[in-house]
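K.L.:
Sequence plus the predicted model coming up.
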Amino acid sequence: MLEITGLTWAVTIGLIVVLLAVDLVIAAARPHRVGFKEAAAWSIFYVLVAVGFGLWFMSAYGGDFGAEYFAGYIVEKSLSVDNLFVFVIIMTTFAVPEEHQHKVLTFGIVLALVMRGIFIALGATLLSLFSFMFVVFGLLLLYTAVQLFRHRNEDPDVENNVVVRSARRVLPVSDDYVGGKLFARVDGRRVVTPLFVVLVAIGGVDLLFALDSIPAVFGVTEEAYIVFVANAFALLGLRALFFLVKGLLDRLVYLSAGLAVILAFIGVKLILHWAHVDIDDRIPEVPTSLSLGVIITILVVVVIASLIKTRNDPTAKAHAGSLHGHHEDPKD
């Protein structure tokens, strides 16, 4: 078992809060269009922070736990790229001005971290109390993998999301972004701006992704601390990564299929772990080193195959994938 002191938890959370605060201050104090150079610099910075933490963690707690951290980080980073697809769709659907996208993404990351923190605490408690939760998590990932693969050429229907529809129905929404405010007074009436609705949409998406990503990373490690830091460092770089790769996302045409395969693999790994522990120790387990190799191999194949596909067929376009198919209205 990994023994993490209260001081280590406090320092880790403090570091993450400081990094988030820097993002929030920049987003709030200087709304601007984020260029490629700035996005690249921030992306490199966050990757170096994550790798530096991993090297420290490996030296302090051993190679096995270090391998679990890096495997978890890569899983969460790959799943976060799928988040970016949906963020692009949300930004486009609500026509968010470029100078406010920075703020939306930062608040979205904060919401994601809060939701993941809740799910991590809940998941760790359930796993410690009930071993069959490994089966539940495994089956959830297998279901998600099948649905994502079936609807890999679709995008989530943001406008018809139940949370977004409810927000529009219940709250008075202004016609424009009112300088990037969340609340404003228009013609003497208190209203929310479209930016508030955008944050509601991203919060709903964050919730759905947390339901998938937390079981996925628990398939790599059972340690709540590793699950938390892997999620945190993967999400911290999401804002910069959005501006860095949003022009390249359309070329990753096989990403959804690749993520479906990764989720299915981790789902099988969880079920095998349960069977090994609770049924018969002769049933093989999938070691972390093998998991790390399989995940990296799948991602490399996905990227190379996608780039070859889009080079040979420039009309090919990537999609975020959806857990549910879109039902067309027969009248349309």
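P.N.:
Now that the structure is in, tell me what you want to look at.
K.L.:
Please count neighbours and contacts with C-alpha atoms only from this point.
P.N.:
OK.
K.L.:
Geometric centre of the protein: which residue is closest?
P.N.:
The C-alpha lying nearest the average C-alpha coordinate of the chain belongs to residue 80 (Cα atoms, centre = their mean; 3.3 Å).
K.L.:
Identify each buried residue in stretch 115-127, please.
P.N.:
For stretch 115-127, the buried set under the neighbour-count rule, 16 or more other Cα atoms under 10 Å, comprises 115-117, 119-120, 123-124.
K.L.:
hmm, who's touching it?
P.N.:
By Cα atoms under 8 Å, 6 or more residues apart in numbering, the list of residues contacting stretch 115-127 from outside reads 133-134, 206-207, 210-211, 214-215, 222-224, 227-228, 231.
K.L.:
all strands of the stretch 151-300 of the chain, in order?
P.N.:
Secondary structure of the stretch 151-300 of the chain (DSSP state E, counting those that start in this stretch): strands located at 183-186, 189-192.
K.L.:
Serialize those strands to JSON lines and add fields for mean neighbour count and distance to residue 128.
P.N.:
Conversion of the strands of the stretch 151-300 of the chain to JSON lines gives the following (neighbours: other Cα atoms under 10 Å; distance: least, Cα to Cα, whole Å):
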{"stretch": "strand 183-186", "mean neighbour count": "15", "distance to residue 128": "43"}
{"stretch": "strand 189-192", "mean neighbour count": "16", "distance to residue 128": "43"}
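K.L.:
Could you dump those into TSV and include distance to residue 110 and mean pLDDT?
P.N.:
Written out in TSV, the entries for these read as follows (distance: least, Cα to Cα, whole Å; pLDDT from 0 to 100):
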stretch	distance to residue 110	mean pLDDT
strand 183-186	19	78
strand 189-192	20	81
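K.L.:
Would you tell me which of these gets closest to residue 86?
P.N.:
Each of the strands of the stretch 151-300 of the chain was checked against residue 86 via Cα to Cα, and the shortest separation belongs to strand 189-192, namely 22.5 Å.
K.L.:
by contact count, what packs against the helix or strand containing the residue nearest to the centre of the chain?
P.N.:
Taking DSSP states H and E as the criterion, residue 80 maps to helix 63-93. Packed against helix 63-93 by the contact rule (3 or more Cα pairs under 8 Å, 6 or more residues apart in numbering; DSSP states H and E) you find helix 36-61, helix 194-218, helix 224-236, helix 238-245, helix 255-278, helix 288-312.
K.L.:
what sits up against the fourth one?
P.N.:
Residues from elsewhere that reach helix 238-245 (Cα under 8 Å, 6+ apart): 34-36, 39-40, 42-43, 80, 84, 102, 105-106, 109.
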